[in-house]
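Chemist: quick one, fold the following:
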Amino acid sequence: MTCRYDSRVTMLILNFQAAFLFSRTMKSVIVTAIAIASAFVSSAQNGTTDEPVHYPSEKHFANVRQLTFGGNNAEAYWDFKGERLIFQSDNKNWTKGCDQIFVLDTKLEADSAKRKLISTGNGRTTCAFFMPDNNSVLYASTHLAMDSCPPVPIKESGKYVWPIYPEYDIFQADMTGKIIKQYTNEKGYDAEATVSPKGDKIIFTSTRSGDLDLWIMNIDGSGLKQITSTLGYDGGAAFSADGSQIVWRASRPSTPDDIKKYRDLLQRDLVEPTNLEIFVANVDGSNVRQVTNLGNANWAPYFHPDGKRILFCSNHKSKIGFPFNIFMVNVDGNGLEQITFDTQFDSFLMFSPDGKKVSWCSNRHNGRTRDTNVFVADWVEMEK
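Modeler: Numbers count the residues shown, from 1 in each chain. Take a look at the predicted model:
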C-alpha cells in the first residue's frame with residue numbers, strides 16, 4: 001500500500017552499486033562479476049539458484065514463497081480477500097520494456113507465466129491497488145498521452161533523479177483490463193494511489209498544488225481534499241487497518257540551496273529521492289508527526305495491523321547506499337527493529353487483510369542478477 005516506486009528503484013540501487021564498484025575495483029573484477037551473474041540467470045529464472053529465499057535472521061517470516069522469476073516486479077499488493085496480488089513489472093517478455101500492471105493468484109503454484117495483464121500495455125504504469133469490490137483495480141498510467149515508454153532522465157550533476165511524469169493519471173479498470181473510470185484529468189502528475197481498508201477513501205500524490213502533495217477523496221472520486229502543504233515530496237501513502245491514520249514518506253528541503261534545487265528539479269518534472277523520512281497523521285491530515293530521523297532514504301511505509309507499528313524500507317545503516325532492507329518501528333519512533341536481511345534490496349511490504357501473511361519484493365534468490373521478484377510469507381509475531 002505505499003505506492004511507492006517502480007523499476008526506477010532498481011535503477012537507484014544500480015546507481016549506488018556502480019558508484020561504489022567503479023571507485024574501488026578494477027574493470028577486470030567487474031567483468032568477472034558480470035560473467036558470474038550471467039551464469040546464474042537460467043537457474044534464477046527457474047527458481048533453482050542456491051541463494052537463500054529466507055534468511056535465518058528473518059524471525060518474523062515463515063513459509064516464504066517466491067512468486068515471480070525474472071524482470072523487475074514491484075509493489076505487489078493484496079486484494080480484499082487476501083488471495084491475489086496486483087503488481088507492476090517491466091519484464092521484457094511481457095511488456096514493451098516499461099512497467100505494466102499484472103495480477104497473480106497466490107494460491108496457485110509459483111509461476112510467473114500465470115500472471116494476467118490488467119493495464120492497457122501502452123505507456124508506463126505505476127502504483128496499482130484493488131478496489132473494495134475486489135473485481136476492479138486502480139492504477140496510474142501515461143497511456144492516454146503515449147503508446148511507448150516515456151523517456152528516462154539522465155543523472156543531474158552525477159546524482160540520480162526520478163521522473164515525475166506529468167502524463168500520469170489515475171484509472172479504474174475491471175479484471176479484463178477495460179477502463180471503467182478516469183479519476184484524474186488535471187494537468188500534471190497524479191499517481192501513487194492507494195485505497196483504505198475500510199473501502200471508503202483513496203489517497204494519492206499530485207502536483208496540482210504546485211508541489212508534490214497528498215490528496216484524499218471518497219471512493220467515488222468526490223470530496224477531493226489536499227492534506228499536506230509543507231514543501232517537499234509527500235508520497236507513497238498508506239492507511240492504517242481501521243482507516244483512521246495515514247503513513248507516508250516525505251522529503252523536507254530546508255536550506256536555501258536545497259529548496260532551490262528541489263524547486264528547480266520539480267519545474268522539470270524531476271525529484272532527487274535520496275533524503276526521505278516517515279511521517280504519520282490522522283486521515284484528515286491533522287496531527288502530523290515525523291516518525292523517523294534516520295537519514296538516507298526511508299520509504300515504502302505500511303502500518304502493522306495493530307496500528308501501533310510501521311514497517312518501511314531503508315538504507316540508513318549503509319554508508320554506500322545499499323542494501324535496502326525492511327525495518328519496523330513504533331509510531332512514536334522508538335523500538336526500531338530490522339525485519340529483512342537481503343544483501344541488496346527488500347521493500348514494498350504489505351500485510352494481507354487478515355494480518356496473517358505479508359507480501360514484499362526482493363532481489364534475493366535471483367541468480368545474482370539484478371531482478372526484483374515478488375515473495376509472500378506467513379507473518380510470525382514475536383513475544384515481547
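Chemist: quick one, what contacts Ala138?
Modeler: No Ala there; residue 138 is Leu. Leu138 makes contacts with Ala128, Phe129, Phe130, Met131, Ile170, Phe171, Gln172, Tyr183, Ala193, Val195, Ile202, as judged by C-beta atoms under 8 Å, 6 or more residues apart in numbering. Using the backbone N, CA and C atoms, a C-beta is placed for each residue, glycine as well.
Chemist: now those as CSV including neighbour count, pLDDT and distance to Gly335?
Modeler: Formatted as CSV, these follow (neighbours: other C-beta atoms under 10 Å; pLDDT from 0 to 100; distance: C-beta to C-beta, whole Å):
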residue, neighbour count, pLDDT, distance to Gly335
Ala128, 29, 98, 31
Phe129, 24, 98, 28
Phe130, 21, 98, 31
Met131, 20, 98, 34
Ile170, 24, 98, 35
Phe171, 23, 98, 39
Gln172, 20, 98, 38
Tyr183, 18, 98, 37
Ala193, 26, 98, 30
Val195, 23, 98, 28
Ile202, 23, 98, 31
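Chemist: just flag the most distant two among those.
Modeler: Spanning the widest gap among the contacts of Leu138 are Phe130 and Tyr183, at 14.9 Å by C-beta to C-beta.
Chemist: re earlier: in helices, which of the contacts of Leu138 appear?
Modeler: Among the contacts of Leu138, the subset assigned to helices under DSSP state H is empty.
Chemist: now these as JSON lines including distance to Thr340?
Modeler: Putting the contacts of Leu138 into JSON lines (distance: C-beta to C-beta, whole Å) gives the following:
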{"residue": "Ala128", "distance to Thr340": "23"}
{"residue": "Phe129", "distance to Thr340": "23"}
{"residue": "Phe130", "distance to Thr340": "24"}
{"residue": "Met131", "distance to Thr340": "29"}
{"residue": "Ile170", "distance to Thr340": "30"}
{"residue": "Phe171", "distance to Thr340": "32"}
{"residue": "Gln172", "distance to Thr340": "32"}
{"residue": "Tyr183", "distance to Thr340": "33"}
{"residue": "Ala193", "distance to Thr340": "26"}
{"residue": "Val195", "distance to Thr340": "25"}
{"residue": "Ile202", "distance to Thr340": "29"}
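Chemist: of the residues you listed, closest to Pro273?
Modeler: Nearest to Pro273 out of these is Ala193 (C-beta to C-beta; 18.7 Å).
Chemist: can I assume the closest one is in contact with Leu214?
Modeler: No. Taking C-beta atoms under 8 Å as the definition, Ala193 is not a contact partner of Leu214, at 10.6 Å.
Chemist: which residues are in contact with each of the two?
Modeler: Here Ala193 and Leu214 have Ile203, Phe204 as joint contacts, going by C-beta under 8 Å, 6+ apart.
Chemist: the stretch 251-384 of the chain: strands as residue ranges?
Modeler: Under the criterion DSSP state E, counting those that start in this stretch, the stretch 251-384 of the chain contains strands at 270-271, 277-282, 289-290, 298-303, 309-314, 325-330, 337-338, 346-351, 357-362, 373-379.
Chemist: the stretch 51-200 of the chain now?
Modeler: In chain order, the stretch 51-200 of the chain shows strands spanning 61-66, 73-78, 84-89, 100-105, 116-117, 125-130, 136-141, 162-163, 169-174, 179-182, 190-195, with DSSP E, counting those that start in this stretch as the criterion.
Chemist: now render those as TSV, adding distance to Val271.
Modeler: Listed next are the strands of the stretch 51-200 of the chain as TSV, based on distance: least, C-beta to C-beta, whole Å:
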stretch	distance to Val271
strand 61-66	31
strand 73-78	18
strand 84-89	19
strand 100-105	23
strand 116-117	29
strand 125-130	14
strand 136-141	16
strand 162-163	5
strand 169-174	19
strand 179-182	25
strand 190-195	12
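Chemist: which among the ones you listed is found nearest to Arg268?
Modeler: Going by C-beta to C-beta, the one of the strands of the stretch 51-200 of the chain nearest Arg268 is strand 162-163, 9.3 Å.
Chemist: sorry, back to before: deepest of the strands of the stretch 251-384 of the chain, which one?
Modeler: strand 298-303 (a mean of 28; mean count of other C-beta atoms under 10 Å).
Chemist: tell me the average confidence for that one?
Modeler: Across strand 298-303, the average pLDDT comes to 98.
Chemist: what's the answer for stretch 363-373, then?
Modeler: Average pLDDT, stretch 363-373: 93.
Chemist: can I get it in CSV, CA atoms only?
Modeler: Taking C-alpha atoms only, stretch 363-373 is exported to CSV below (Å, rounded to 0.1, in the frame of the first residue of the first chain):
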residue,chain,number,x,y,z
ASN,A,363,16.5,-9.1,-5.1
ARG,A,364,17.2,-12.3,-3.2
HIS,A,365,17.3,-15.7,-4.9
ASN,A,366,17.7,-14.1,-8.3
GLY,A,367,20.8,-16.0,-9.6
ARG,A,368,23.0,-12.9,-8.8
THR,A,369,21.2,-11.0,-11.5
ARG,A,370,19.5,-7.6,-11.0
ASP,A,371,16.0,-9.0,-11.0
THR,A,372,13.5,-8.0,-8.3
ASN,A,373,10.8,-10.6,-7.6
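Chemist: closest one to Asp220 among the strands of the stretch 251-384 of the chain?
Modeler: strand 277-282 (21.9 Å).
Chemist: how far out from the middle of the chain is that closest one?
Modeler: On the basis of C-alpha atoms, centre = their mean, to the nearest Å, strand 277-282 is displaced by 17 Å from the centre of the chain it belongs to.
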